[in-house]
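Enquirer: A predicted structure for the sequence below; I have some questions about it.
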Amino acid sequence: MTKKFTAEHLENAQSRGELMDIAKANHIPIDKALQKIRYEKELNLLQSELVSLQKWIALNKMRVAIIFEGRDAAGKGGAIKRFKEHLNPRSSRVVALTKPTEVEQGQWYFRRYIKELPNPGEIVFFDRSWYNRAVVEPVMGFCSEDQYQKFMVQVSEFEHLLYEDNVKVIKFWFSISKKEQQRRFDSRMANPLKRWKFSPVDMKGQELWNEYTHYKEQMFNRTHTNFSPWIIVKTNSKREARLESLRYVLSQFEYEGKGESGIELLPDPNVIIRYHRSAVQIDI
């Protein structure tokens with residue numbers, strides 16, 4: 001039976017250090033608690049750096065778009081929540097578009113995304129993006145082959161226009177294993193507060209795993225460029241993915257006050273990987 005803290009232990013401890021001493025003396029396992037404390041401390045420091053970055057972006061009228069892509073349940077939404085948590089809502093927002101309307105279906109594909117691009121001094125977080133047409137839509141049959149091929153030809157040109165107009169675009173792909181995706185699906189279905197996240201598209205995630213892999217690799221091969229590279233966040237740990245993606249974004253700018261928190265700002269190269277064909281992936 002696992003030993004736990006008693007009421008007397010908690011009453012006698014006057015500090016975190018004393019609580020740790022009690023745990024050690026009584027052989028009470030606290031590894032998981034310590035991991036969570038370390039995670040929350042790192043997250044808080046990285047978020048404080050992000051606040052400094054946001055002020056600098058606003059002051060310099062920069063435009064920053066951060067794209068979060070990945071398979072269903074890869075942790076995109078949770079990461080965005082941690083990015084956005086302490087930012088000024090006046091100069092940051094999240095874009096999560098629903099399926100296009102009948103009118104939008106008749107327009108140039110990129111038009112509805114252009115309207116959501118950042119204004120001067122703003123950071124925009126895309127919870128999925130125009131890359132729906134590169135993976136989800138062809139896998140699920142939501143677009144024609146002609147629409148898919150036209151997108152694949154145009155997307156790099158579109159992103160080069162953004163680059164030339166000084167819009168900073170960061171493209172993340174959150175990579176998890178097939179086994180981890182299934183575990184997260186099961187967790188969602190078991191939690192009444194998370195069931196809303198589970199959609200008919202999600203239900204196909206495991207069944208169509210290989211199809212997703214094929215289109216994902218096509219996307220990387222054809223849309224990874226020097227001016228708009230794909231950054232793979234390779235880990236089954238949500239916490240690690242959040243911390244390292246935060247570090248990557250912070251590492252891309254030389255903002256005023258950078259590093260004042262004392263936290264390491266260079267991302268772990270075993271987790272944050274710039275796409276290349278020989279890279280070992282976990283969601284193949």
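Expert: In hand now; what should we look at?

Enquirer: rounded mean pLDDT for stretch 107-116, please.
Expert: For stretch 107-116, the per-residue pLDDT values average out at 98.

Enquirer: which residues touch it?
Expert: Residues lying outside stretch 107-116 but in contact with it, judged by Cβ atoms under 8 Å, 6 or more residues apart in numbering, are 95, 97, 100, 104, 124, 126, 129-130, 133, 147, 150-151, 154, 158. Just so you know, the C-beta spots here come from the backbone N, C-alpha and C atoms, and that holds for glycine as well.

Enquirer: which of these fall within strands?
Expert: Secondary structure assignment (DSSP state E) places 95, 124, 126 from the contacts of stretch 107-116 within strands.

Enquirer: could you list every residue that touches the second one?
Expert: Pointing back at V124 there. With contacts defined as Cβ under 8 Å, 6+ apart, V124 is in contact with 64-66, 92-95, 116-118.

Enquirer: hmm, try it at 6 Å
Expert: Going by Cβ atoms under 6 Å, 6 or more residues apart in numbering, V124 touches 65, 93, 95, 118.

Enquirer: circling back: from the ones in strands among the contacts of stretch 107-116, pick the one nearest P29.
Expert: Taking Cβ to Cβ as the measure, F126 is the one of the ones in strands among the contacts of stretch 107-116 closest to P29, at 40.6 Å.

Enquirer: pretty sure that closest one contacts K76?
Expert: No. Contact criterion Cβ atoms under 6 Å: F126 and K76 do not qualify, at 9.4 Å.

Enquirer: pLDDT below threshold where in the stretch 101-250 of the chain?
Expert: Per-residue confidence of the stretch 101-250 of the chain (counting by pLDDT under 70) places no residue in a weak region.

Enquirer: now the strands for it?
Expert: For the stretch 101-250 of the chain, strands defined by DSSP state E, counting those that start in this stretch occupy the ranges 122-127, 167-175, 230-234.

Enquirer: kindly format the C-alpha coordinates of the second one as PDB.
Expert: What follows is strand 167-175 as a C-alpha-only set of coordinates in PDB (Å, rounded to 0.1, in the frame of the first residue of the first chain):
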ATOM      1  CA  VAL A 167       4.900  38.400 -41.400                       C
ATOM      2  CA  LYS A 168       6.700  35.900 -39.100                       C
ATOM      3  CA  VAL A 169       5.100  32.500 -39.500                       C
ATOM      4  CA  ILE A 170       6.100  29.600 -37.200                       C
ATOM      5  CA  LYS A 171       4.800  26.200 -38.200                       C
ATOM      6  CA  PHE A 172       4.600  23.500 -35.500                       C
ATOM      7  CA  TRP A 173       3.700  19.800 -36.000                       C
ATOM      8  CA  PHE A 174       2.900  18.100 -32.700                       C
ATOM      9  CA  SER A 175       4.000  14.500 -33.100                       C
END
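
Enquirer: who does that strand pair up with?
Expert: strand 63-70 (parallel), strand 230-234 (parallel) (DSSP bridges).

Enquirer: reformat those as TSV; add mean neighbour count.
Expert: Putting the strands paired with strand 167-175 into TSV (neighbours: other Cβ atoms under 10 Å) gives the following:
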stretch	mean neighbour count
strand 63-70	22
strand 230-234	23
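
Enquirer: how about those strands, which one is nearest Y212?
Expert: With Cβ to Cβ as the criterion, Y212 lies closest to strand 63-70 of the strands paired with strand 167-175, at 10.1 Å.

Enquirer: how about residues contacting that closest one?
Expert: Among residues not part of strand 63-70, those counted as contacts by Cβ under 6 Å, 6+ apart are 57, 76, 80, 118, 123-127, 129, 131, 167-174.

Enquirer: 7 Å instead, please
Expert: Applying Cβ atoms under 7 Å, 6 or more residues apart in numbering, the set of residues contacting strand 63-70 from outside is 57, 76, 79-80, 117-120, 122-129, 131, 166-175, 249.

Enquirer: repeat that for stretch 47-60.
Expert: Stretch 47-60 is contacted by residues 64, 83, 85-88, 91-92, 121, 123, 246, 250, 253, 255-257, 261, 263, 265 when judged by Cβ under 7 Å, 6+ apart.

Enquirer: rerun that using 8 Å as the cut-off
Expert: 62, 64, 82-83, 85-88, 91-92, 121-123, 246, 249-250, 253, 255-261, 263, 265.
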